[in-house]
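> Turn this into a structure:
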Amino acid sequence: MGRPVITARAAATFEPVGRSVATARAFVRDTLQGWGLADIIDDAVVLTSELVTNAVVHAGTSAEVLCLRDTDGVRIEVIDRYPERELPVQDPSAAMGSPDREGGRGLLLCAALASRWGVDYTAADKHVWFRLDLPDRPVGTRAAGPALPDAALPVADTRVHVAVIQVDRGGTISAWNDDAQELFGYPAEQVVGKPLTDLAAWPHTPGTSTGIAEALQLSRWEGSYGMRGVDGRTLPVYGSHLRVRDGDGEPSTVCLLVRDHERAVLQSPTRTPAPDSAGRRTDGSEHPATDPFEVFIGSPTPDDLDGLLQRTVERARDMLDGDAAYLLLATDDETELEVRASTGLPSARQRFARVPVEAGSGRYGSARMPSVHEDLTVVPGAVPLLAGTGMRSVVTVPLKVEGRLTGSVGVATETPGRYTNEEALRLQFAADRIALAVERARLTELERLRRGSLSFLVEASDLLAGTLDRDQTLALMAQMTVPTLSSWCAVYTVADQGSDPKLSYVLHEDEERIDNLKALLSKVDPPEPVPTPGARVWTAPSDAAHSAALRTSLRSVVLGEEDHHLAPGGALATAAAVGGETVVLPLVARNRVIGMLTLGKPTDERFRQEILELAEDLSRRAALALDNARLYSERTAISQSLQRSLLPPELPDVRGGVEVEVIYRAAGEGNEVGGDFYDLFEISEGTYGFAIGDVCGTGPEAAAVTGLARHALRLLAREGLGGPAVLERLNSAILDEGTRSRFLTLLYGEMRPQDDGSAALKVVCAGHPLPLRLRQDGSVEPAAEPQPLLGVIDDLELYEQDVVLDPGDVLLCVTDGVTERREGTRMLGDDGLAGVLTTCTGLTAGAVAARIMRAVERFASDAPSDDMAILAMRVPE
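This is a model prediction of the structure:
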C-alpha cells in the first residue's frame, strides 16, 4: 500500500505568547474550512489548541503549525524548538484521565480523537503530529501505538506485578496468583473463599458511583480503586475486569490489578467509532449529524454531566478562539452560580466555587443577561473568577430553560477589545442549543444524588438510633461523614448554655493525619456556637495550618527544627489536608446548640451545594441523637445513684465464723435494684438480723417499697422487737402507703452463733419461698412453715420458729425469681432447687450460692425476666 499523496499544504509560525493559541486555532479552522473539510474541523481545532499551548506556554518557544491534506485525510504537525523538554505523559503520579490536569492533556486528546499520532525528534526541534481520517473511510481499532523515546515511556517498577484474581458468581474469590500475594501480602489460602468486598476499598459518593458488586457484574470494567493489604494499609490499584464463563456456562470475573502508578500496563484508551458514509457509526448506531446540539457539542454526546460540561467549555472556547472558558450552574433558588467546568483556568482552585447571580446593578452585574467586557482592567473585579488570570476581554451568556436561569457560560481572552456583541450573539445561540441538554443532565445527576442522599440518611438514622452511648454517637457522626461527605471531620460539644465548645472527636480519611489534625484544632479557638441553620465557612484551621507550615519551613531552613506541636514532617501535610474549604454546621436539639459539626476539604477543594445540603440534614439527625444520648446518660447516672443507695452496705462479719454469701440480679436494663431485696445487719452484740424479700413487680416502683422495707426492718429490730412484731409493724407501714402500696413476701430471722459451734435461728416466713436446710449427710428439708404475706390484711398474726444449724449445715434462702425460672412449660420449682442443693454438700457458702445461680441461668436460654436474690449461710465445721 503506497503512501498518501499530498494534495494541499499550509503552514504558519506563531510567537511564544498566549494569544498565539487562539491565532493558531483560527489558522487551522480557516485552512480546513477552505479545503472543504468541515466534518473534522472541530477535532482538529481542539487538538491544535492543546499542542500549541504545550509549545508556546509550557515550552516557551515559537511554534510552527503545518497542515497537510491527502486523499484520505489531514495530517497536522506542531513543531517547537525545545526538543530536550520531556513529554508530560511520562509523569506517573498524575491521573491520565483527569480533566483538571494540564500537563500531557494534548497527548491524551490525540490518543482519544486522532486516527494516528506521534512525536518525532530532530537535533533542532520536536514534531508532535496527529492524523484525522476523512469520515468516508472509517478507522478500525488500533492495535499498536507509535514508537516513543525512552524518556517518554510510562514509569513502572523494576519488576511489574500483575495480580490475577478470579471472582465467582457470588463475588467470592476463587483464584489468587503469586503476584497478588506479592502486592497485598495475603497467601491464597487466606483469601480464597472470602468476598472481594472484604479487601476492596471502593470510592463512593452518595447516588453516583458504581459499587464493586455492580462492577463485577459488568462484561468489562476498567478504573482505579484501593485494596487493603495484610498490614491494614490501602494500596491504590488500577484494575481491568473481564466477565467470562467456563465450559459449563458458569460466569466469573477475572480481575487484573497493578499499582495505580503503573496503570499504563493495563489502561487502554477507547476510540469513538467513526461514522460511515450513510451517517451511521461503525457500531451500527445512528449518527444524526444534522442535530444542532451535536453540531456544537460533537458526537457522541458525553453520557455524564461533568463530561458534557467539560466538552461545552472546550467547544465554546474554540468557537470564539478564546484562551479560557468556564461554565457555571445555578442553584435551585437561582441566587448563586457554582463553577462546574473550565478550561485554560486553574480549575482545581475554581471548581465548585460559588458566586451570586446578581453581582451589582444593571445588566452587566447580572448573570441573567448576555454581557461583554472589552477590557477587565477598566472594571476590576467585574468577573471575580478571572482575577489574577491575565484575561482582559470576556463574553458571558446565560443558560435558560423556559425562561428560568439554569447557568452561565463565559469565554475569555488575554487580548483586550477582542469580543463584541457579535460574539455574544454567537455564544448565546450556542448556549440556547445546549441549555436543555445540560439541564436534563443536571436533573438526572441531581436525582441520583437525592436518591443516594435519601438512602444515606435512612442508614444514618438507623445507626444513630441504635445507640444511646454518647461516645459511640460522636464516633458514628464522624465516620458517616468521612470520606463520603468530606475529607476530615471534627465534632465540638457544648455542655451547658454559655460554656465554651469542647473538641470531642476528630477523624481524617488518612489515619496518619488524625493526631496532627487534632493537635492543630486544639490550638485553634473553636467556632462560635451560633444556632443559625446552614453551613458557614470557617477559615481558622486553614489559616493556622498554613502559619504552622510557614514556621516549620523557616525553622527547618534556619535552625533545622520542626514545630513541636505537630508530628515530625507533619506541618506541611496538615496544611495541605485542611487547606481547602471548611464549613461548620450547628448541632441544635430542643432549641439549644449542643455542639458543632465541622467538615473540611484538602487544598484547592470545595464542597458542592448538594453535599452541604446533605450534611445539614445529617447534622439535624445527629444533633437529636447526641442529645438523646446525653439525656440517657444523665438519667442513667441519676437512677443508678439512687438505686445504689437502696442496696445494703457491706455485709458484717458474723461472730463464730458463720459464712454468708449473697448474689443479687435485678431484672431490666440499667437497674441495679428491683423488687427483690436482702439484708444482713447486727441487732445487738452477738445477734444478727437477716432478711430476704420480694415486692410485687420490678423496677423503680418496686425498689421504692424495697427501701421502705429494708430500713424499717433495721429500725424496728434494733428497738428490741421480736420477729413477729417487726413484720406486723412493717405490714402496717406498707398499708399506710395507700394506692402506692404493694404486697410483700418476706423471710426474716435472727441468728445467734452458739459456743458449741452451732447457730440458733428464729425465723418468720411471711408468704415467701421456704428456706431450705442442707445437712452434712446431703439431706434437704424446709426450715420454716409458710405464713401470710405482708401488705394485704390489717390484722396479721405471725409467729416465729426456732431452727438450729449444726456445724457444716447450710441455710439457703431465695426469692421466687429463682424457683419460678421457666423454659417453655418447664419450671425449676422447689423440688428442682432442692435437687441442686443436695449436690452442694461440703461446699462453702460462696460456692453454694454460685452453683445455685449457675443452675438457674442454665435452666433456660432466655434472659431472666424477674429479679433474683440468693442468701446462703453456712456454719463452719
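
> What score does the residue sitting furthest away from the middle of the chain have for pLDDT?
In the chain, the residue that sits farthest from the middle, by CA atoms, centre = their mean, is Asp756; the gap is 73.1 Å. Asp756 carries a pLDDT value of 89.

> cool, and the one 10 residues further on?
Per-residue confidence (pLDDT) for Ala766: 94.

> so what's it up against?
Neighbour list for Ala766: 727, 744-748, 787-790, 798 [criterion: CB atoms under 8 Å, 6 or more residues apart in numbering]. Yep, even glycine has a C-beta here, placed from its N, CA and C like the rest.

> Narrow the residues you listed to just the buried residues.
The neighbour count (16 or more other CB atoms under 10 Å) marks 727, 744-748, 787, 789-790, 798 as buried among the contacts of Ala766.

> Any regions of the stretch 651-800 of the chain where pLDDT drops low?
668-674, 697-702, 739-740 (pLDDT under 70).

> thinking again about what came up before, save the contacts of Ala766 as JSON lines, and put in secondary structure and distance to Ala465 too.
Shown next, in JSON lines, are the contacts of Ala766 (DSSP: H, G, I helix; E, B strand; the rest coil; distance: CB to CB, whole Å):
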{"residue": "Leu727", "secondary structure": "helix", "distance to Ala465": "48"}
{"residue": "Leu744", "secondary structure": "strand", "distance to Ala465": "39"}
{"residue": "Thr745", "secondary structure": "strand", "distance to Ala465": "40"}
{"residue": "Leu746", "secondary structure": "strand", "distance to Ala465": "42"}
{"residue": "Leu747", "secondary structure": "strand", "distance to Ala465": "44"}
{"residue": "Tyr748", "secondary structure": "strand", "distance to Ala465": "46"}
{"residue": "Gln787", "secondary structure": "strand", "distance to Ala465": "50"}
{"residue": "Pro788", "secondary structure": "coil", "distance to Ala465": "48"}
{"residue": "Leu789", "secondary structure": "coil", "distance to Ala465": "43"}
{"residue": "Leu790", "secondary structure": "strand", "distance to Ala465": "43"}
{"residue": "Leu798", "secondary structure": "coil", "distance to Ala465": "52"}
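
> Out of the residues you listed, the closest to Val383 would be?
Closest approach to Val383 among the contacts of Ala766 (CB to CB): Leu744, at 84.7 Å.

> my guess is Ile434 contacts Arg311, does it?
No. Applying CB atoms under 8 Å as the test, Ile434 and Arg311 come out as separate, 9.4 Å apart.

> of those two, who's got more company?
Neighbours were counted for Ile434 and for Arg311 using other CB atoms under 10 Å; Ile434 has more, 25 against 20.

> what about that one, distance to Arg442?
Per CB to CB, to the nearest Å, Ile434 is found 12 Å from Arg442.

> So what's the gap between stretch 595-615 and the chain middle?
13 Å (CA atoms, centre = their mean, to the nearest Å).

> distance between the ends of it?
End-to-end span of stretch 595-615 (CA to CA, to the nearest Å): 15 Å.

> Save the buried ones among the contacts of Ala766 as CSV, and put in distance to Ala24 too.
As requested, the buried ones among the contacts of Ala766 are arranged in CSV below (distance: CB to CB, whole Å):
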residue, distance to Ala24
Leu727, 109
Leu744, 100
Thr745, 101
Leu746, 103
Leu747, 104
Tyr748, 107
Gln787, 111
Leu789, 105
Leu790, 105
Leu798, 113
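
> Identify, from the residues you listed, the entry nearest to Gly18.
If you rank the buried ones among the contacts of Ala766 by distance to Gly18 using CB to CB, Leu744 comes first, at 95.3 Å.
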